[in-house]
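Participant: dropping the sequence and predicted coords here.
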Amino acid sequence: MTTIDHEKQIELSPISNCRSEVEIAMVEMLVNLQKRGWQAAELALALADASEELVMLMANKMPRSH
């Protein structure tokens, strides 16, 4: 994701349609959470942790081919 900050407006450079929509929703969510007092570093870490947990849950549910 590429972001450019122009006086509190963030522009995203999308990589794919799905990723573009996810990034837009993520930025909106982060902006709203920052308005509620959360710091960007706290939010980035929480988002990374939650994403990792989701990937691990999905990996455990996917059938393995051996």
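Facilitator: Looks like it came in fine. Residues are numbered from 1 along each chain as shown.

Participant: C-alpha only now, for contacts and for neighbours.
Facilitator: Will do.

Participant: now the strands: where do they sit in the chain?
Facilitator: Defined through DSSP state E, the strands belonging to the chain, from first to last, are 2-6, 9-13.

Participant: which of those has the lowest mean pLDDT?
Facilitator: Here the strands of the chain differ in mean pLDDT, and the lowest is strand 2-6 at a mean of 56.

Participant: how near is Val55 to Ser20?
Facilitator: Val55 sits at a distance of 19 Å from Ser20 (criterion: C-alpha to C-alpha, to the nearest Å).

Participant: which one's more surrounded, those two?
Facilitator: The neighbour count for Val55 versus Ser20, taken as other C-alpha atoms under 10 Å, is higher for Ser20 (15 against 10).

Participant: now do the more buried one, the pLDDT please.
Facilitator: In the predicted model, Ser20 carries a pLDDT score of 82.

Participant: how many neighbouring residues does the nearest residue to Ala40 once chain neighbours are set aside have?
Facilitator: Leaving aside its sequence neighbours, Ala40 sits nearest to Gln34 (C-alpha to C-alpha, 6 or more residues apart in numbering; 6.9 Å). Burial of Gln34 is recorded as 14 neighbouring residues (other C-alpha under 10 Å).

Participant: model confidence over the lengthiest helix in the chain, on average?
Facilitator: Longest helix in the chain, counting residues (DSSP state H): helix 40-61. For helix 40-61, the per-residue pLDDT values average out at 91.
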